[in-house]
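[1] Got a predicted structure plus its sequence, pasted below:
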There are 2 protein chains.
Amino acid sequence: MFNLALLALAAALVYCSRSTSVVVAAAGFALVGYVATDYLIPRVGPSFIKIGLFGKDLSKPGRPVLPECIGAVSATVYLFTMFFCIPCIFYPYLVSTSGGGQRDSSVERAGISSAIFPHSRLSEYLSSVLCLESTILLGIADDLFDIRWRHKFFLPAVAAIPLLAVYYIDFGVTSVLVPGFMQQRLGSITSIDLGALYYVYMASMAIFCPNSINILAGVNGLEVGQSVVLAVLALLNDALYLALGTDATKSSHRFSMVLIIPFLGVSLALFKWNKWPASVFVGDTYCYFAGMVFAVVGIQGHFAKTMLLLFLPQIANFVYSVPQLFNLVFCPRHRLPKFNEKDGLLYPSRADLLENPPKALFVPVLRLLASLRLIDLEVDSKTGGIVSCSNMTVINLMLVWFGPMREDKLCNLILAFQFAIGVAAIVLRHCIGSLLFGHDNLWTIK
Amino acid sequence: MFNLALLALAAALVYCSRSTSVVVAAAGFALVGYVATDYLIPRVGPSFIKIGLFGKDLSKPGRPVLPECIGAVSATVYLFTMFFCIPCIFYPYLVSTSGGGQRDSSVERAGISSAIFPHSRLSEYLSSVLCLESTILLGIADDLFDIRWRHKFFLPAVAAIPLLAVYYIDFGVTSVLVPGFMQQRLGSITSIDLGALYYVYMASMAIFCPNSINILAGVNGLEVGQSVVLAVLALLNDALYLALGTDATKSSHRFSMVLIIPFLGVSLALFKWNKWPASVFVGDTYCYFAGMVFAVVGIQGHFAKTMLLLFLPQIANFVYSVPQLFNLVFCPRHRLPKFNEKDGLLYPSRADLLENPPKALFVPVLRLLASLRLIDLEVDSKTGGIVSCSNMTVINLMLVWFGPMREDKLCNLILAFQFAIGVAAIVLRHCIGSLLFGHDNLWTIK
């Protein structure tokens, strides 16, 4: 009933969008995406379990079996939502032909405002969706075949090929602005052409975003929750530009909103089923897909650096994990918090450093981290030797800082932190951007 | 070693294509696709079996277990080949920008001939690849979850949505030519606007082509073999237009070749592993994907009707199957030819009509078909009642006509028939086209 009301609202929004803005159409399609995902997830779950796509929830009494890889449903719904979006957001720019396969001049209509996109955006839009679809395809391959870590790390870069290829022939800007204080030293040049390096930079972005979401995971609702927070933050930033920006930046950020709003719709439906106590797992497919949405938006809209700022918590989690990822400190196979069946709370999981001592050089670093309360270090009271330490993930760190807690509280705490850091990052970015470059693309210092 | 030589040739072709034609680049990428597919198939087979994607080859002694759904490998290689194609075939039409996300005027270079595509083709190209990728995604879902027949029949239409959506905003021609002899009766109008019906027609094409390949299947190498023959026939037709056609039709058929040549490459590699005695099965994914390649080419190039002519053997197989598909005659669960372990030959499989008698009205039709030698009817010599008939598929019909034979001979025989019919269809199409419309788009009657 609630879903039917949402669908009616969606129809109204899409209808209104012709005279208002593409963003309204995107909101309509987001509702459709929400309803479709919410309808499908409970219905396809058993089929996923039947073909072997399931996992055990280790942080629940009795370790129930849940369908795995359900994020593929959200992702597929998102794709088809974006397909149906095409006629609505590009509608008024029809092209007429005289038949036989050739195209005449495009029909330019009067009074086209922010309601639709310029036709030239079409190939950008298509290559974005193509990139996301490739990400989903490779994500499903990963969920099915359990590809090795060192291979799957680079999968998103492969999926980004259509994006980079179209960028190359269609846009081709490979220069970055030089900060004001550097301009004098470099002989007053205002921008540097990175050439091929720019593509390396974009591919890195495509690798980083999906993997960083995949690494900050393991608690019910956290993968989807952090993606929802990222989406809200990105939309906040877009809204700032739509309100205050120039026409050129407005177009980029409207594009960003059209991609992100439907993503928010399908993600919220997934969150409903994946939040504590989870009925489904999202799988790598969703993590890759979600990360790629932000990478695509950042690359196509030319605000990859701002987008990276929103990923600060994920970057922090990655940097914090480096000692274990690169085996400076012993890394157990699983670093998820430990579930205690008696009180139903999660406790930080620990790495046994007696049998697997850390590199000698790294021992002082561990002691420093412990004195900064960045890890919990267990020391033998007689010998002073290191016995064990809490595993180095942001999830465990929260438990070290705030004590054992239930899974849903832990997830909410991390999401709240992420949101606060993100808002601070957006504010700082526009202040510091003005200082570094003499101007910010949101406003100019007079 | 052979594959390395092919790769070197591919590099040379792609390099040369800048000064010759996109078709040469497509040939280069076809070689890359062949080598990559041929490399991957034997290596991923065991992983497919491990996750439950396998089937038994019923027409071999001992019914060996083979990996199923390997066509997904060809299809994925094809996609990534097409991504890498983008910079090569659109290269000279770069667009410059002044940074900040906005686009300046496009840089038109002198001397651009048939070496590259006009930039306006880009969205057509992207929507084609998007449609194929969606087909593959839905095909994989079908192979994984065994979707019901009545659902999966319409899956390709869903995958065609991006194609139709982009067609709608980018091309929008929905009129068809009226044949000359009809023009006078209709008051001298030369074309009729089908409007929304034109989209129904395109969606039907997208449903028909994939399913028709999926129906003519069940013999080692036949799914891929018929797709290879279709590709060769389509390329023959394209070559005719490139040699004799007008500039407008040349562009459409060059587009067709760019899509089909790499498809031929990955298909030939799959054929190598799927031909008798098969080491792998292709799965529904490949059948859908292959059919959709032809549907896309026909729709985008505006020669859907000519394309349908090439599908005559598949149409014949479908029409011939109708009595069993619609249960006018009993349809057993499997209609594959029967394998005789003793002589290693295939025999026509039969439907038992004693226990499941056909509809009374249809009995005379069965007798007529039998007298035309279109089925093999077993009649009780005493009562004159019908005992059984050969199953109504082109595969069984061949065995009825030419007697039992080995699986590879049967496949080759069907492919030879298909090729002969296709060549005849192309010739007739251009002769009859001239008669019906007063002119043909290949040439004009003076």
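    Alright, I've got the coordinates. Numbering: from 1, shown residues only, chains lettered A, B, ... in the order given.

[2] C-alpha only now, for contacts and for neighbours.
    Fine.

[3] Verify the contact between A:Val129 and A:Thr81 for me.
    No. Applying Cα atoms under 8 Å, one finds A:Val129 not in contact with A:Thr81, separated by 10.6 Å.

[4] What is the neighbour count of the closest residue in space to A:Leu164 that isn't next to it in sequence?
    With sequence-adjacent residues excluded and distances taken as Cα to Cα, 6 or more residues apart in numbering or on different chains, A:Leu164 is closest to A:Tyr199, at 7.0 Å. Here the number of neighbours of A:Tyr199 (other Cα atoms under 10 Å in any protein chain shown) works out to 17.

[5] that older thread, neighbour-wise, which of A:Val129 and A:Thr81 wins?
    Neighbour count, other Cα under 10 Å: between A:Val129 and A:Thr81, A:Val129 has more, with 25 against 21.

[6] Distance of that one relative to A:Phe29?
    15 Å (Cα to Cα, to the nearest Å).

[7] do A:Leu435 as well
    When A:Leu435 is compared with A:Phe29 (using Cα to Cα), they lie 39 Å apart.

[8] More neighbours: which of those two?
    Neighbours were counted for A:Leu435 and for A:Phe29 using other Cα under 10 Å; A:Phe29 has more, 28 against 15.

[9] Okay, and the more buried one sits in which element?
    Following DSSP states H and E, the helix or strand that holds A:Phe29 is helix A:22-50.

[10] check whether that helix contacts chain B.
    Yes. Using Cα under 8 Å from any Cα of the partner chain, helix A:22-50 reaches chain B at A:Ser47.

[11] Now that helix: buried residues?
    Buried residues in helix A:22-50, counted by 16 or more other Cα atoms under 10 Å in any protein chain shown: A:22-38, A:41, A:45, A:48-49.

[12] helices or strands next to that helix in the packing?
    helix A:2-16, strand A:65-67, helix A:71-90, helix A:247-274 (3 or more Cα pairs under 8 Å, 6 or more residues apart in numbering or on different chains; DSSP states H and E).

[13] now the third one against helix A:247-274, angle please.
    The directions of helix A:71-90 and helix A:247-274 differ by 150 degrees, with axes from the mean of the first three to the mean of the last three Cα atoms, to 10 degrees as the criterion.

[14] taking the mean pLDDT, what do you get for stretch A:329-344?
    Mean per-residue pLDDT for stretch A:329-344: 90.

[15] Quick check: end-to-end length of that stretch?
    Span of stretch A:329-344 from end to end, Cα to Cα: 29 Å.

[16] Correct me if wrong, but A:Cys144 is in a strand.
    You called it Cys, but residue A:144 is Leu. No. Under the criterion used here (DSSP: H, G, I helix; E, B strand; the rest coil), A:Leu144 is helix, not part of a strand.

[17] Distance-wise, check it relative to chain B.
    7 Å (Cα to the nearest Cα, to the nearest Å).

[18] Packing partners of the longest helix anywhere in chain A?
    If you go by DSSP state H, chain A has its longest helix at helix A:407-437. In this structure, helix A:407-437 makes packing contacts with helix A:180-183, helix A:222-244, helix A:304-310, helix A:312-325, helix A:394-402, judged by 3+ Cα pairs under 8 Å, 6+ apart.

[19] And it, what's buried?
    A:407-408, A:410-411, A:414-415, A:418-419, A:421-423, A:425-426, A:429-430, A:433-434, A:437.

[20] angle of that helix against helix A:222-244?
    Using the same axes, to 10 degrees: helix A:407-437 against helix A:222-244 is 40 degrees.

[21] Could you give the average pLDDT over helix A:407-437?
    90.

[22] Show me how far that helix is from its chain's centre.
    14 Å (Cα atoms, centre = their mean, to the nearest Å).

[23] hang on, the earlier thing: quick one: average pLDDT of the helix holding A:Phe29?
    94.

[24] Which positions in the stretch 301-446 of chain A make contact with chain B?
    A:301-302.

[25] Quote the end-to-end distance of stretch A:346-359.
    29 Å.

[26] what's in contact with that stretch?
    With contact meaning Cα atoms under 8 Å, 6 or more residues apart in numbering or on different chains, stretch A:346-359 is reached by A:59, A:328-332, A:335-340, A:386-391, A:396-397, A:399-400, A:403-407.

[27] Next, the buried residues of it.
    Buried-residue list, stretch A:346-359, by 16+ other Cα under 10 Å: A:346-353, A:357-358.

[28] Stretch A:147-166 too?
    A:152, A:154-166.

[29] Take it, keep the C-alpha atoms, and write them as PDB.
    These are the backbone C-alpha positions of stretch A:147-166, laid out as PDB (Å, rounded to 0.1, in the frame of the first residue of the first chain):
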ATOM      1  CA  ILE A 147      38.400 -14.400  -7.700                       C
ATOM      2  CA  ARG A 148      41.700 -14.000  -5.900                       C
ATOM      3  CA  TRP A 149      42.300 -10.800  -4.000                       C
ATOM      4  CA  ARG A 150      45.200  -9.600  -6.100                       C
ATOM      5  CA  HIS A 151      43.100 -10.000  -9.300                       C
ATOM      6  CA  LYS A 152      39.900  -8.600  -8.000                       C
ATOM      7  CA  PHE A 153      41.600  -5.500  -6.700                       C
ATOM      8  CA  PHE A 154      42.000  -4.400 -10.400                       C
ATOM      9  CA  LEU A 155      38.700  -5.500 -11.700                       C
ATOM     10  CA  PRO A 156      37.100  -2.100 -11.300                       C
ATOM     11  CA  ALA A 157      39.800  -0.500 -13.600                       C
ATOM     12  CA  VAL A 158      38.800  -3.000 -16.300                       C
ATOM     13  CA  ALA A 159      35.100  -2.000 -15.900                       C
ATOM     14  CA  ALA A 160      36.100   1.700 -16.200                       C
ATOM     15  CA  ILE A 161      37.400   1.200 -19.700                       C
ATOM     16  CA  PRO A 162      34.300   2.400 -21.500                       C
ATOM     17  CA  LEU A 163      34.300   5.500 -19.300                       C
ATOM     18  CA  LEU A 164      37.900   6.300 -20.100                       C
ATOM     19  CA  ALA A 165      37.500   5.500 -23.800                       C
ATOM     20  CA  VAL A 166      34.600   7.800 -24.200                       C
END
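
[30] So for it, mean pLDDT?
    On average, stretch A:147-166 scores 85.

[31] Counting neighbours, what do you get for A:Phe339?
    Going by other Cα under 10 Å, the residues that sit close to A:Phe339 add up to 21.

[32] show me where the stretch 51-200 of chain A has strands.
    Ranges of strands within the stretch 51-200 of chain A are A:54-56, A:65-67, A:95-97, A:103-106, A:175-177, A:191-193, based on DSSP state E, counting those that start in this stretch.

[33] how far away is A:Asp352 from A:Asn317?
    21 Å.

[34] Can I get the helices and strands packed on helix A:22-50 in TSV including mean pLDDT and distance to A:Ser212?
    Formatted as TSV, the helices and strands packed on helix A:22-50 follow (pLDDT from 0 to 100; distance: least, Cα to Cα, whole Å):
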stretch	mean pLDDT	distance to A:Ser212
helix A:2-16	86	33
strand A:65-67	95	23
helix A:71-90	91	17
helix A:247-274	93	17
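
[35] For B:Leu268, find the nearest of those.
    Among the helices and strands packed on helix A:22-50, helix A:71-90 comes nearest to B:Leu268, with 30.3 Å by Cα to Cα.
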